[in-house]
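A.B. asks: With the sequence up front, the predicted model follows.
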Amino acid sequence: TTLLPTRPVPPVTAQRRKGGIKVDVGGIALHISPPPDPPMSLLPDRAALTALAYQLGPSRYYQPAYRFIAAEVGPESGSFLDVGTGTGWLAIHVANGRREVDSVGIDTSEPMLRYAEANKRGRLNVTFRRMDATNIIYPERTFESAAAIQSAHHWTDAAAIFAEVHRVLVEGGRFYVYEA
């Protein structure tokens with residue numbers, strides 16, 4: 001059986017408003033314009049999207065490099081500074097299996113640091129801090145070694161960063177910079 005409309009269908013040219021959008025009688029939008037004040041707070045910002053992309057991509061496929069570099073630059077005891085830690089993997093690998101090492105990762109990106117916190121999975125000898133490398137809050141001669149992997153291309157004042165890292169390194173400490 002075929003269902004027939006019980007009332008006549010108005011012609012397609014008829015228009016009505018539904019929630020501020022002009023629609024034809026079948027409910028098809030004739031013209032859609034954005035709301036006057038779009039809820040921008042619901043959209044992720046660029047930093048959040050960058051952090052997500054890094055967590056899903058390089059953060060995963062650089063794991064062998066992070067482990068290799070951590071074995072080479074991490075101290076056997078004392079403290080280590082990861083400058084521009086991003087999602088935290090270098091700091092995590094430096095601390096992994098080294099109970100006598102306190103590994104600190106600093107970054108200016110809050111979204112990256114949220115992933116770093118999640119990635120550390122409760123390790124007690126890893127700390128992440130939101131901090132600008134041109135103004136490191138740690139006292140002089142705090143760290144035995146430091147490293148920066150794939151972060152130097154973001155630096156706007158490399159001389160200030162080198163000076164700050166030098167200030168917080170113990171005498172004879174080393175700062176390793178890896179950049180592709």
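C.D. replies: All right, it came through fine.

A.B. asks: When you work out contacts or count neighbours from here on, use the C-alpha atoms and nothing else.
C.D. replies: Will do.

A.B. asks: what's in contact with the helix or strand that contains Ala71?
C.D. replies: For Ala71, the element it lies in under DSSP states H and E is helix 63-73. Under the criterion C-alpha atoms under 8 Å, 6 or more residues apart in numbering, residues 89-91, 93-94, 145-147, 176 lie in contact with helix 63-73.

A.B. asks: got the CA coordinates for it in CSV?
C.D. replies: As requested, the backbone C-alpha atoms of helix 63-73 are provided in CSV (Å, rounded to 0.1, in the frame of the first residue of the first chain):
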residue,chain,number,x,y,z
GLN,A,63,60.7,6.2,20.7
PRO,A,64,63.9,4.3,19.7
ALA,A,65,65.7,7.7,19.3
TYR,A,66,64.4,8.8,22.7
ARG,A,67,65.7,5.6,24.4
PHE,A,68,69.1,5.8,22.7
ILE,A,69,69.6,9.5,23.5
ALA,A,70,68.4,8.9,27.1
ALA,A,71,71.0,6.2,27.6
GLU,A,72,73.7,8.5,26.2
VAL,A,73,72.9,11.8,28.0
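
A.B. asks: Name the residues of that helix that are buried.
C.D. replies: By neighbour count on 16 or more other C-alpha atoms under 10 Å, the buried set for helix 63-73 is 66-67, 69-71, 73.

A.B. asks: How about the contacts made by the closest residue to Glu179 other than its chain neighbours?
C.D. replies: Once flanking residues are discounted, Glu179 sits nearest to Gln150: 4.8 Å by C-alpha to C-alpha, 6 or more residues apart in numbering. Contacts for Gln150 (C-alpha under 8 Å, 6+ apart) come out as 178-180.

A.B. asks: Stretch 170-180 - what's its average pLDDT?
C.D. replies: Mean pLDDT, stretch 170-180: 96.

A.B. asks: same check, this time on stretch 60-80
C.D. replies: 95.

A.B. asks: picking that back up, now what about the next helix or strand after the helix holding Ala71, what contacts it?
C.D. replies: Per DSSP H and E, helix 63-73 leads on to strand 78-83 as the next helix or strand towards the C-terminus. Outside strand 78-83, the residues that touch it by C-alpha under 8 Å, 6+ apart are 74, 90-91, 94, 100-107, 133, 142-149, 151.

A.B. asks: Thanks a lot, catch you later.
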